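Student: A predicted structure for the sequence below; I have some questions about it.
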Amino acid sequence: KLQFLYLIGKWRGMARCGCWRGVRGHPAGLAVLFFTELWERFSYYGMRAILVLYMVAPLEGANPGLGWSEADALSLYGWYTMAVYLAAVPGGLLADRCGGAKRCVMLGGALLCAGHGLLALPSRAAFFSGLALITAGCGALKPNVSTLVGRLYALHDPRRDMGFTIFYIGINVGAFAASLVVGYVGEAVGWHYGFGLAGIGMCAGQAVFVVGRGKLDPPLLPHEAPPPLMQSLRDDEFQEMSDVESSSVGSASGGCQRRVPADQQRGDGRRTAAASPCKFTAEEKDRLKVCAVCFALIICFWGAFEQAGGLMNLYTQQRVDRRLGGFEIPASAFQALNPFFIMVLGAPVAARWQRRKASGREASSLFKMAVGMVVMGVGFLAMCAAAVQAGEGWTAAPPDAAPPAPNATAATAAAPKASMLWLVAAYLLHTLGELSASPVALSYVTKLAPARHASTVLGLYFAASGVGNKVAGVLGEVATRTGALSVFAGIFLFCAAVGLAVCALLGRLNRLAHGVEDADDKDGAEPLTEAT
């Protein structure tokens, strides 16, 4: 499935042809959605790279910020990132019940352009209004643009997986470029110039979509009816990030009464909704127990992983030696490591798991998620080494001690700093953990969910992701009181313990799943994930 190297070989051909003939025969609309999402992610990840840094920057100086404490900044960061995830639920509902996916993408793009434009203004009212508009815009655009990618292909079209892989490459290219360009402009020139540059990227994406939106509805042959929702989920792992986020999540509130035709019955022996719309079989109850375990893992994973945009971002700015020759690397530039490692390592990691499965060794989704948790935890062990090198201890600061001033002070500047190599190692291990856990999590949850309740389960999945982002903010707040070393060490120990516990219970959990993955053993590698 994941033919990343093939795509790189064809990249020059893609750039030469607006209808994307570089990857033979893909719909013209794919190029439109590729660049729309590339620029949208450029705007989102660019703003994310400098958001916390801007909030803690002093009110006075050459590049003034909001002058907040680190605890307040990390708290708002947690609430904001949680809201972005949760906004996908009403965004899908709006597309289903009102304007459709294309209109919602148009609306979301307009809200994002307005939100980034407000962030470019030096006003607190504009700052909060801009964050609110960006949250609403992400909710309207993000799930529905992926839906449009799925609609470019018929259900069993062999080009679908390649099409979604191309689409996700665009996401990571946008995230990589944004962290470098927007981050540098924000830190070196001015925070509001950085926010404005992110807004310009979003305007470019909106323009691409407006000009090319006529290419997004290719005519279907008479026998190519739009695919039923749940069959799409079973047959194409990439479709989970598209149809589900809009069509499935949007109908979450009415899932209990929905009847599924007999010809849409899942191929793994589960009963259809027509048989018993509001009751669970014993097998479904067992699978829902495994779903609950997955939700807990999702919260733990994102609670640790999302330290990248908050605590680790601040730590990089204040306690890491970023000098390279005569140039000091902006702290936000290190946010580019995750999408870079995803693009470089996505195919090898997927191939490694495929070879493991082919050899008959354990390669279930739960095992991958557990391994991802442990590997990511080891990444925080690298951050512990950085904290020790920077001279941090285990003793918490006294409660009545005055908090350190944001950014560089005389004491901070004179304090020892950690090597940036520890930070690179941490991001490398975090990405390896993400590549093992993230691509399979949503896929596995949709396989476990009873077909008639998939909407509710998918809503809970996104809610769990949002809660994980809020947990990340809370952990960052804790670090301002106890010190970063204790938080990094605690995350390492907790992630390792959770991952090992899942491995110890793997046999029992797989039995509760009742062979839900058996029908998919031939499917191959997992899809490329997006930067987070």
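Tutor: Perfect, I can see it now. Numbers count the residues shown, from 1 in each chain.

Student: Can you classify His26 by secondary structure?
Tutor: At His26 the chain is in coil, as set by DSSP: H, G, I helix; E, B strand; the rest coil.

Student: Now do the contacts for it.
Tutor: For His26, the contacting residues are 20, 152, 159, 162-163, 166, by C-beta atoms under 8 Å, 6 or more residues apart in numbering. Bear in mind the C-beta positions are built from the backbone N, C-alpha and C, glycine included.

Student: Arg319 against Lys417, yeah?
Tutor: Yes. Contact criterion C-beta atoms under 8 Å: Arg319 and Lys417 qualify, at 5.7 Å.

Student: Relative to Leu197, which of the contacts of His26 is nearest.
Tutor: Leu197 has its nearest neighbour among those in Ile166, at 25.4 Å by C-beta to C-beta.

Student: in this protein, which helix or strand is least confident?
Tutor: In the chain, the helix or strand scored least confidently by mean pLDDT, DSSP states H and E is helix 229-235, which has a mean of 37.

Student: burial count for the nearest residue to Leu435 once chain neighbours are set aside?
Tutor: Nearest residue to Leu435, sequence neighbours excluded (C-beta to C-beta, 6 or more residues apart in numbering): Val349, at 4.3 Å. Using other C-beta atoms under 10 Å, Val349 is surrounded by 24 other residues.

Student: In a helix, Val349, correct?
Tutor: Yes. Under three-state DSSP, Val349 sits within a helix.

Student: contacting residues for Tyr499?
Tutor: Actually, residue 499 is Gly. It isn't Tyr. Residues near Gly499 by C-beta under 8 Å, 6+ apart: 370-374, 377.

Student: host element of it?
Tutor: Secondary structure from DSSP states H and E places Gly499 in helix 484-504.

Student: quick revisit: could you export the contacts of Gly499 as JSON lines, including distance to Cys203, pLDDT and secondary structure?
Tutor: JSON lines is the format used below for the contacts of Gly499 (distance: C-beta to C-beta, whole Å; pLDDT from 0 to 100; DSSP: H, G, I helix; E, B strand; the rest coil):
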{"residue": "Ala370", "distance to Cys203": "43", "pLDDT": "93", "secondary structure": "helix"}
{"residue": "Val371", "distance to Cys203": "41", "pLDDT": "93", "secondary structure": "helix"}
{"residue": "Gly372", "distance to Cys203": "36", "pLDDT": "93", "secondary structure": "helix"}
{"residue": "Met373", "distance to Cys203": "39", "pLDDT": "94", "secondary structure": "helix"}
{"residue": "Val374", "distance to Cys203": "42", "pLDDT": "95", "secondary structure": "helix"}
{"residue": "Gly377", "distance to Cys203": "40", "pLDDT": "94", "secondary structure": "helix"}
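
Student: among these, who's most crowded?
Tutor: The most crowded member of the contacts of Gly499, judged by other C-beta under 10 Å, is Met373 (28 neighbours).

Student: so how far is Ala426 from that one?
Tutor: 15 Å (C-beta to C-beta, to the nearest Å).

Student: SS state for Asn144?
Tutor: Classification of Asn144 using three-state DSSP returns helix.

Student: Next: the one 3 residues further on.
Tutor: Using three-state DSSP as the criterion, the local structure at Thr147 reads helix.

Student: which residues of the protein fall in strands?
Tutor: Using DSSP state E, the strands of the chain run over residues 320-321, 323-324, 327-328, 418-419.

Student: I'd like these laid out as a markdown table, including mean pLDDT and mean neighbour count.
Tutor: Output for the strands of the chain, formatted as a markdown table (pLDDT from 0 to 100; neighbours: other C-beta atoms under 10 Å):
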| stretch | mean pLDDT | mean neighbour count |
| --- | --- | --- |
| strand 320-321 | 92 | 20 |
| strand 323-324 | 90 | 10 |
| strand 327-328 | 89 | 10 |
| strand 418-419 | 92 | 18 |
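
Student: Serialize those to JSON lines and add fields for distance to Leu288.
Tutor: Compiled in JSON lines, these are given as follows (distance: least, C-beta to C-beta, whole Å):
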{"stretch": "strand 320-321", "distance to Leu288": "44"}
{"stretch": "strand 323-324", "distance to Leu288": "51"}
{"stretch": "strand 327-328", "distance to Leu288": "51"}
{"stretch": "strand 418-419", "distance to Leu288": "44"}
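
Student: do you know which of those strands lies nearest Gly205?
Tutor: Set against Gly205 and scored by C-beta to C-beta, the strands of the chain come closest in strand 327-328, at 30.5 Å.

Student: rewinding a little: any buried residues in the helix holding Gly499, and which?
Tutor: For helix 484-504, a neighbour-count test (16 or more other C-beta atoms under 10 Å) marks 484-492, 494-496, 498-499, 502-503 as buried.
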